[in-house]
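S.K.: the sequence isn't on hand, but the structure is:
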């Protein structure tokens, strides 16, 4: 194997792994298409999360809990505690929201530490030529969640202050004045700040998760690609590198799931509180 | 970045997931946790109450024992007094009876002595008369000398 052809096939390998299973919905394709791999993986993982929790919630006893129930309760109380710190109201909706965000993202992120070719190879057996198994390395996934959080932020803000009150707050804050003339003068800046806030919140939320997971995913791809195309004689080194990065990536996976959940709850709670 | 219809699909999936968690996962678990907290609180309170009640029962029992002991002491004392009274009374009765019997016996003895003495007197009188008859050689008319004889008898 020459370095030239190795380099070529290596580039192809990476490019192949960066290509989604794209299914156009209409003739035009482009925006009107679906990433089937992202959808399948996210739905399967969501189903696993729900089934797991539902299984133990269904038979939850207020007596002595079994090991399974105890673990689920521990997870729930951890999430509930985070929500309780930021939000002082009924947690009937925000609790389930935070729990869903944390565990769904955690499960999707965890696909990252599986060998990069494992799930694509399995998909290939069923006929899919391209398959990206990590849904959170797809901006569609992360933006779907962050935009939903944005909508909830607006909804809860308006619910707490009324629609008029909410937009009045947006026009008159953060720059405040007593004089009516100064108020009018400051309004454009306030609106600008509000728009910036409403844009940066979902964008930063989505891109932080996407960037971290995509970078980790890419690194795994590079290690696997190098292992297969350049370092085939030094396979053990490749495996060691893979394992070492897995440890770091596991930390990132948990932290990113937590940060997304924490910030989502904080944004919603903030919309209700300040101004 | 390839933003496409996947985003909308995932928004829908996300909302459905939240709804399912809200409906099937969160309420039963929080209910179970809250119920358990309630149960534990109740258990602790019950234990506390039981401890208090036990202490109370202990003091009550001690009080009862003390009272019973005092009562028993009183009863024993009273019984002792009664026994002493009975013994005293019995002794007095016995003494009285003994005195009575003694008096009776003495009276009987005296009676008998009287009788014997009277009899002896009679016999002595007879003997004296007979002796006098022998000495005089004739019969003394008892009728004529009745007063004399009686005087003699009385003198004996």
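M.R.: Noted; the coordinates are in hand. Just so you know, these numbers come straight off a predicted model, no measurement behind them.
S.K.: up against chain A, what does chain B have?
M.R.: Residues of chain B lying close to chain A (Cβ under 8 Å from any Cβ of the partner chain) are B:1-11, B:13-15, B:17-18, B:20-22, B:24-26, B:28-36, B:38-39. In short, each C-beta sits where N, CA and C put it, glycine included.
S.K.: show the contacting residues for the residue most central in space within chain A.
M.R.: Note on chain A: the residue nearest the mean C-alpha position is residue A:142, at 4.5 Å, using Cα atoms, centre = their mean. For residue A:142, the contact set (Cβ atoms under 8 Å, 6 or more residues apart in numbering or on different chains) comprises A:136, A:205-207, A:209-210.
S.K.: 6 Å - rerun?
M.R.: Applying Cβ atoms under 6 Å, 6 or more residues apart in numbering or on different chains to residue A:142 gives the contacts A:206, A:209-210.
S.K.: what about the residues you listed, which are in helices?
M.R.: With helices taken from DSSP state H, the overlap with the contacts of residue A:142 comprises A:206, A:209-210.
S.K.: of those residues, closest to residue A:147?
M.R.: Checking these against residue A:147 with Cβ to Cβ, the nearest one is residue A:206 at 7.7 Å.
S.K.: just the buried members of the residues of chain B next to chain A?
M.R.: Buried by 16 or more other Cβ atoms under 10 Å in any protein chain shown: B:4-7, B:9-11, B:13-15, B:17-18, B:20-22, B:24-26, B:28-30, B:32-33, B:36, out of the residues of chain B next to chain A.
S.K.: checking my notes, residue A:147 in a helix, right?
M.R.: Yes: applying DSSP: H, G, I helix; E, B strand; the rest coil, one finds residue A:147 inside a helix.
S.K.: any idea which helix or strand carries the residue nearest to it when sequence neighbours are not counted?
M.R.: In this structure, residue A:147 finds its nearest non-sequential neighbour in residue A:202, 5.4 Å apart by Cβ to Cβ, 6 or more residues apart in numbering or on different chains. Using DSSP states H and E, residue A:202 maps to helix A:180-229.
S.K.: please name every helix or strand in contact with that helix.
M.R.: Judged by 3 or more Cβ pairs under 6 Å, 6 or more residues apart in numbering or on different chains; DSSP states H and E, the packing partners of helix A:180-229 are helix A:3-17, helix A:139-161, helix A:163-172, helix A:235-273.
S.K.: mind listing what's buried in stretch A:145-162?
M.R.: Quick answer for stretch A:145-162 (16+ other Cβ under 10 Å): A:145-150, A:152-153, A:156-158, A:161.
S.K.: what residues does it touch?
M.R.: Stretch A:145-162 has contacts (Cβ under 6 Å, 6+ apart) with A:166, A:202, A:205-206, A:264, A:267-268, A:271-272, B:11, B:14.
S.K.: how about 7 Å then?
M.R.: A:101, A:166, A:169, A:198, A:201-202, A:205-206, A:264, A:267-268, A:271-272, B:11, B:14-15 (Cβ atoms under 7 Å, 6 or more residues apart in numbering or on different chains).
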